[in-house]
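> Kindly generate the corresponding structure for this input.
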Amino acid sequence: MTGSLDELDQAGEAGAYDEFRELVRRQLELLGEDPDREGLRRTPERVAASLAWLTRGYEMDAKQVVGEGIFDADGACNMIMVRDIELYSLCEHHILPFFGKAHIAYIPNGKIVGLSKLPRLVEVFARRLQVQERLTEQIASAIQETLNPQGVGVVIEAYHLCMMMRGVEKQNSKTITSAVRGLFRSDPRTREEFLSLAHAPRTVI
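Just a heads-up that it's a prediction; the model follows:
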């Protein structure tokens with residue numbers, strides 16, 4: 001069985017959801033549960049639908065998501081940032097959620113992108129089985145490839161349930177990752193400006 005659950009159904013592989021439901025049912029049995037009791041009777045179906053939704057990023061393409069949302073910069077050459085973009089993903093090691101915020105900035109090189117497209121790019125890569133380090137790099141690379149800006153910076157701050165609910169069980173541990181391209185890497189002042197904006201105290205407007 002390859003591809004996402006939605007892709008399998010769309011491709012006509014009729015048993016994809018049924019197979020996944022049976023796998024979840026068997027998991028419940030192995031946990032010592034009765035999958036036929038009232039509270040669990042529809043759980044296999046719900047889990048199959050839920051995971052199809054949570055991993056829908058496999059069906060999304062960065063260039064298609066941006067689409068026609070690229071415009072002439074009209075002389076814009078200063079840093080553009082969208083901060084506090086909520087993200088939800090699944091850790092590929094334990095298939096437990098991690099969640100947090102992404103801060104994205106770039107310096108135009110003749111083109112700008114519609115502001116709503118940046119959160120959509122986050123969704124493309126977050127809605128997959130992931131590790132935070134790769135997610136950060138993928139977002140930065142997608143912006144670099146789509147816009148060819150003078151520089152790109154991405155910071156992600158996230159909490160991982162695989163650390164909070166199991167293992168070390170540290171409730172307040174936050175993981176921070178960053179990826180920089182172009183001027184954000186070569187110019188220390190640009191990088192410093194980006195990081196200071198990304199980590200500045202939140203204000204209510």
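> and the residue nearest the centre of the chain, what does it touch?
Centroid-nearest residue in the chain: A126, 1.5 Å away (criterion: Cα atoms, centre = their mean). A126 sits next to 57, 87-89, 135 when contact means Cβ atoms under 8 Å, 6 or more residues apart in numbering. (C-beta placed from N, C-alpha, C; glycine too.)
> any idea which of these has the most stuff around it?
Within those, S89 tops the neighbour count with 26 neighbours, counted by other Cβ atoms under 10 Å.
> Would you mind confirming that that residue is in contact with F99?
Yes: with contact defined as Cβ atoms under 8 Å, S89 counts as touching F99 (7.3 Å).
> Overlap of the contact sets of these two?
Counting by Cβ under 8 Å, 6+ apart, the residues touching both S89 and F99 are A158.
> tell me, how many neighbours does the residue nearest to I95 when sequence neighbours are not counted end up with?
Leaving aside its sequence neighbours, I95 sits nearest to L129 (Cβ to Cβ, 6 or more residues apart in numbering; 6.9 Å). L129: 15 surrounding residues under other Cβ under 10 Å.
> now Q132
20.
> From D74, how far off is it?
35 Å (Cβ to Cβ, to the nearest Å).
> what's the answer for G167, then?
50 Å.
> Kindly report the same for A200.
Distance from A200 to D74, by Cβ to Cβ: 27 Å.
> among the contacts of A126, which are in helices?
L135 (DSSP state H).
> In the chain, where is pLDDT below threshold?
Along the chain, segments meeting pLDDT under 70 span 1-14, 205.
> now the helices for this structure?
Assigned by DSSP H, the helices in the chain fall at 5-10, 16-30, 43-54, 62-66, 117-126, 132-147, 161-164, 183-186, 188-198.
> ok, the closest residue to L147 other than its chain neighbours - contacts?
Using Cβ to Cβ, 6+ apart and skipping the chain neighbours, the partner closest in space to L147 is K111 (5.4 Å). Going by Cβ under 8 Å, 6+ apart, K111 touches 70-73, 147-149.
> of those, closest to A105?
A105 has its nearest neighbour among the contacts of K111 in P149, at 9.6 Å by Cβ to Cβ.
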